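J.: Turn this into a structure:
(chains A and B)
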Number of protein chains: 2
Amino acid sequence: MRIVITGGFGFLGRQVVDALLERRTLCGAAIDRLVLADRFVPAEATVASDPLVDVVQGDLHERLDEIFTQPVDVLIHLASAVSSECEADFDLGMSANLDTTRALLDAARAQSAAGGPTPRVVFSSSVAVYGSDPALPLPPVVSESTLPTPQSSYGTQKRVCEQLVAEYTRRGFVDGRVARLMTVSVRPGKPNAAASGFLSGIIREPLAGLPAICPVSPGLRVALASPRRTVEGILCIAEAGRGSGPGQLEGGLPVNLPALTVTVAEMLDTLRRVAGDAVADRVTLSPDPAVEAIVGSWPAAFDNARATALGLRPDASFESVVRAYVEDHPEAVRSADLPAAGAIGGRRID
Amino acid sequence: MRIVITGGFGFLGRQVVDALLERRTLCGAAIDRLVLADRFVPAEATVASDPLVDVVQGDLHERLDEIFTQPVDVLIHLASAVSSECEADFDLGMSANLDTTRALLDAARAQSAAGGPTPRVVFSSSVAVYGSDPALPLPPVVSESTLPTPQSSYGTQKRVCEQLVAEYTRRGFVDGRVARLMTVSVRPGKPNAAASGFLSGIIREPLAGLPAICPVSPGLRVALASPRRTVEGILCIAEAGRGSGPGQLEGGLPVNLPALTVTVAEMLDTLRRVAGDAVADRVTLSPDPAVEAIVGSWPAAFDNARATALGLRPDASFESVVRAYVEDHPEAVRSADLPAAGAIGGRRID
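T.: Residues are numbered from 1 along each chain as shown, chains lettered A, B, ... in the order given. Okay, the predicted model is just below:
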């Protein structure tokens, strides 16, 4: 089985690749090749030297021929221009997100039309497809039957691609599936400019010994998923069978990955409980109405029935999210600050 | 005011053009130029010689430069590959319906970006955006907040374009509006291959003295709109103001044009009542499960609140639809068959 991961060196791509390299199988078949396609390949990426791994570096749209020189069995399409880029540069977003995805679907279709395998295409969409239209506010609880009315170029592009994936699948060109990713917290790495950035930053920065700003009221409710649950969701949707019944994907609807609903106050309380006062006190409340308006317009609660039927579950608690972050990123945690008993992450941190 | 009608020589285009030439104003301004763009211009089209009218003949995508050489104030985009073409030739549908509409939006955006007027773009979408996904059957009553899950390439292309129109509008590139057209009955002219064709044919052919087949059970419920109501709806949506409140269009949602729900039996009974037994007896019931499945999958009842708030109303009754057809198309009715009292169409037919 030859698997292609676009955005393979991105934050989620790396975790999907690590999970696949650990499992060595997908959909019950051994993984023969794992092709990582990305615009940027970090010099320090050791995975590139794994004997199972091929790297295709460059603009995805231009490299599709290379990717499809050998039959593609599964393609996990994670590459995307991000929300702020798409809002700043409309044409870039339309090209990177819409045109590239359509070209990818057409390349997959050409493969099956030529008698090759019908590729399984997993498209990573986003909770950003949802927004409050002036004439149709979001309901308090959102599900896949809620009409998405995107309020961003990124959300529109993702929503359009979801429908192309459904249509290419209905026509039998590909076996497409859509995973709608929730806001991921706690993201490792550097702060970014995303409006959602603080939802990782208020945990990540204090744990690293750095100050952090919380730009929203603590009472604001948000829907989150940990990186672990997000990767698990993507792979589950890749593996799901086609048909009706539990564990099966039927029809053309996306799957919203399960979300944990918490208030920002609960997030901060969790940090205090897990990491102590000194760490939690590094967060300063400094409300920014612009950020509060954006984040407050996102759905905060989901009916996860569709994901549940596939066996997916949201994170058990925000405490489990924080403990998993500490466990997965010991290098990013200033251990001297943490409670000596070292219960964080279920093991001693030092 | 310079108005462009794409598909200007098509069935609906001609009626929109006739209505505009009669009114001579739109949105409170005098119509200076009426540009009819179409692939085919019938030799007998007298409208082409009207001093207000310019004709742009050829492939719309290739002719956009010509259309936008002068500022466009209002563009009514009716041109489209039809449903059966899109199902038979996927690439043709994607090109004619998706790529051309996007190019049209980009040309409109270039006009406003260059300091010209922000064009008002009226996109004619279709009830075909609705379909029953295997995992999400249509509700008994459909409204604009119902999630469209198209089950045809045509419906997908229309739905994607709806969302592009909403996004180009949200960004301020155009002032876009979407009118979702219902199944139009009674269409004049020749029978066509559309699954919905019989919904006009069972009235039009008997009135013309010809036999007709009804391929569905008489109990089947369908949602229809007359050509008159359809043209009225398109022009109303073109003229609606932007804002909240009655008569105003707020946000990015389409408007479903009002639909009259009738059973096929009611349609046939109406024909018998209006035109007599000899005419009605020209219809033969010959159920075709394939046609029944397609037509039965379409929404049959609508919550028309959004159209009603704009002042639109469905046809009063199917009888008014038949009478309007006879009035508008006396040349297509074999008058010798009709009741001598000549109440049809509100005037004597002979």
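
J.: as a whole number, average confidence for stretch A:39-46?
T.: Per-residue pLDDT values over stretch A:39-46 give a mean of 91.

J.: From the chain's centroid, how far away is that stretch?
T.: Offset of stretch A:39-46 from its chain centre (C-alpha atoms, centre = their mean, to the nearest Å): 20 Å.

J.: That one spans what distance, first to last residue?
T.: This stretch, stretch A:39-46, spans 17 Å end to end (C-alpha to C-alpha, to the nearest Å).

J.: what sits up against it?
T.: Under the criterion C-beta atoms under 8 Å, 6 or more residues apart in numbering or on different chains, residues A:9, A:48, A:55, A:57-60, A:79 lie in contact with stretch A:39-46. Quick note: C-beta positions are derived from backbone N, CA and C, even for glycine.

J.: Get me the contact residues on the stretch 201-350 of chain A for chain B.
T.: A:244, A:250-253, A:306 (C-beta under 8 Å from any C-beta of the partner chain).

J.: Can you classify whatever residue of the stretch 201-350 of chain A ends up closest to chain B as helix, strand or coil?
T.: Going by C-beta to the nearest C-beta, chain B is nearest to residue A:251 of the stretch 201-350 of chain A, at 3.7 Å. Reduced to three states with DSSP: H, G, I helix; E, B strand; the rest coil, the structure at residue A:251 is coil.

J.: and what of residue A:121?
T.: Criterion first, three-state DSSP; result for residue A:121: strand.

J.: and it, what is it in contact with?
T.: Going by C-beta under 8 Å, 6+ apart, residue A:121 touches A:74-75, A:77, A:104-105, A:108, A:165, A:168, A:174-177.

J.: Just the pLDDT at residue A:341, thanks.
T.: 45.

J.: What about the contacts of residue A:121, which are in strands?
T.: Under the assignment DSSP state E, these contribute A:74-75, A:77, A:175-177 to strands.

J.: could you redo those as a markdown table and give each row neighbour count and distance to chain B?
T.: Formatted as a markdown table, the ones in strands among the contacts of residue A:121 follow (neighbours: other C-beta atoms under 10 Å in any protein chain shown; distance: C-beta to the nearest C-beta, whole Å):
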| residue | neighbour count | distance to chain B |
| --- | --- | --- |
| A:74 | 23 | 22 |
| A:75 | 27 | 20 |
| A:77 | 25 | 18 |
| A:175 | 19 | 15 |
| A:176 | 26 | 12 |
| A:177 | 24 | 13 |
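
J.: Can you give me the pLDDT of residue A:236?
T.: Residue A:236 is given a pLDDT of 97.

J.: which SS class is it?
T.: Going by three-state DSSP: residue A:236 is helix.

J.: mind listing what it touches?
T.: Contacts of residue A:236 by C-beta under 8 Å, 6+ apart are A:310-312.

J.: related to what we said a few turns ago, pretty sure the residue of the stretch 201-350 of chain A closest to chain B sits against residue B:133.
T.: Yes - using C-beta atoms under 8 Å, residue A:251 is in contact with residue B:133, at 4.2 Å.

J.: and for these two, which residues touch both?
T.: Joint contacts of residue A:251 and residue B:133 (C-beta under 8 Å, 6+ apart) are residue B:149.

J.: Hmm, residue A:118 is touching residue A:169, no?
T.: No - Residue A:118 is beyond contact range of residue A:169, at 9.5 Å (criterion: C-beta under 8 Å).

J.: So between these two, which is more surrounded?
T.: Here residue A:118 and residue A:169 are compared on neighbour count by other C-beta atoms under 10 Å in any protein chain shown; more neighbours surround residue A:169, at 22 against 17.

J.: Skip the chain neighbours and tell me the closest residue to that one.
T.: residue A:176 (4.1 Å; C-beta to C-beta, 6 or more residues apart in numbering or on different chains).

J.: Next: residue A:143.
T.: With C-beta to C-beta, 6+ apart, the residue lying closest to residue A:143 is residue A:303, at 4.0 Å.

J.: Let me see the contact set for that neighbour.
T.: By C-beta under 8 Å, 6+ apart, the neighbours of residue A:303 are A:141-143.

J.: Check the gap between it and residue A:235 for me.
T.: 22 Å (C-beta to C-beta, to the nearest Å).
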